[in-house]
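Peer 1: just the structure for this:
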Amino acid sequence: MPTPGPLSGASATVAIHPTPLGPLVLAATDDALVLCCYGTAEEAAERLGRAGLRPAGPGEAGAPGLKVLDEAREQIDAYLAGTRRDFTVATDLRLATPFSRRTNLMLAEFVPYGRTATYAELARALDRPGAARAVGTALGANPLCVVLPCHRIIGSTGSLSGYAGGLEAKRHLLALEAAAAPAA
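Peer 2: Predicted structure coming up:
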């Protein structure tokens, strides 16, 4: 994962990718995927702009940015088809706060494919045992939904709780992983 650097003048190509969960808005620089979110292209453009990235349409993209988007689309489709368990597309969390970056980066290692953990368990793993709500906020701001598996974090009672794509999308992702994961 590249280290966030100066953003002034940088652009990110924005594309809408249809999925069984609904459309995902993807944005990539020439080096990495910076956004995979639910919502609209306008909301994504606003989010990119706040981080100093100029949103660009696919017609304005260079070959490197398009390559990153193509790789992300391919991996997301394979993941949602149940034929892929992780993502290798280059990612960049420059749209996340430092705490959100740390929290979201820990997800794949802390909660492997097919498993779930609670907000409190993730907070303890981050050495912030009293920060379950802050963890929830950090996950809610995950700029790379699906790619960084914030959907694997559930409430302390085992209930599904908030998810940027809605609870039906979260339920779908957890069921997909449970069906494909080996028994624990």
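
Peer 1: what lines up beside the lowest-mean-pLDDT helix or strand in the chain in the sheet?
Peer 2: Sorting the helices and strands of the chain by mean pLDDT, DSSP states H and E puts strand 54-56 at the bottom, at a mean of 90. Strand 54-56 sits in its sheet next to strand 11-17 (parallel), going by DSSP bridges.

Peer 1: and after the partner strand, which helix or strand comes next?
Peer 2: strand 24-28 (DSSP states H and E).

Peer 1: run the angle between that following strand and strand 11-17 for me.
Peer 2: If you take axes from the mean of the first three to the mean of the last three CA atoms, to 10 degrees, strand 24-28 sits at 160 degrees to strand 11-17.

Peer 1: what packs against the next helix or strand after strand 24-28?
Peer 2: Using DSSP H and E, the helix or strand that follows strand 24-28 in sequence is strand 33-37. Counting contacts by 3 or more CB pairs under 8 Å, 6 or more residues apart in numbering; DSSP states H and E, strand 33-37 is packed against strand 11-17, strand 24-28, helix 41-50, helix 63-80. All C-beta atoms are positioned from the backbone trio N, CA, C, and that covers glycine.

Peer 1: contacts for the host helix or strand of residue 134, please.
Peer 2: Using DSSP H and E, the secondary-structure element containing residue 134 is helix 132-140. Contact with helix 132-140 is made by 96-97, 99-100, 102-104, 118-120, 122-123, 126, 128, 150, 153, 156, 161-162, 164, as judged by CB atoms under 8 Å, 6 or more residues apart in numbering.

Peer 1: which members of the residues you listed are classed as buried?
Peer 2: 96, 99-100, 103-104, 118-120, 122-123, 126, 150, 153, 164 (16 or more other CB atoms under 10 Å).

Peer 1: how about those residues in CSV, adding secondary structure?
Peer 2: Output for the buried ones among the contacts of helix 132-140, formatted as CSV (DSSP: H, G, I helix; E, B strand; the rest coil):
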residue, secondary structure
96, coil
99, helix
100, helix
103, helix
104, helix
118, strand
119, helix
120, helix
122, helix
123, helix
126, coil
150, helix
153, strand
164, coil
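
Peer 1: ok, now which ones touch the residue nearest to residue 142 when sequence neighbours are not counted?
Peer 2: The shortest distance from residue 142 to any non-neighbouring residue, by CB to CB, 6 or more residues apart in numbering, is to residue 150 (4.5 Å). The contact partners of residue 150, taken as CB under 8 Å, 6+ apart, are 104, 107, 139, 140, 142, 163, 164.

Peer 1: those into a markdown table, with extra columns for pLDDT and distance to residue 33?
Peer 2: Listed next are these as a markdown table, based on pLDDT from 0 to 100; distance: CB to CB, whole Å:
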| residue | pLDDT | distance to residue 33 |
| --- | --- | --- |
| 104 | 94 | 13 |
| 107 | 92 | 15 |
| 139 | 94 | 18 |
| 140 | 92 | 19 |
| 142 | 95 | 13 |
| 163 | 90 | 19 |
| 164 | 89 | 16 |
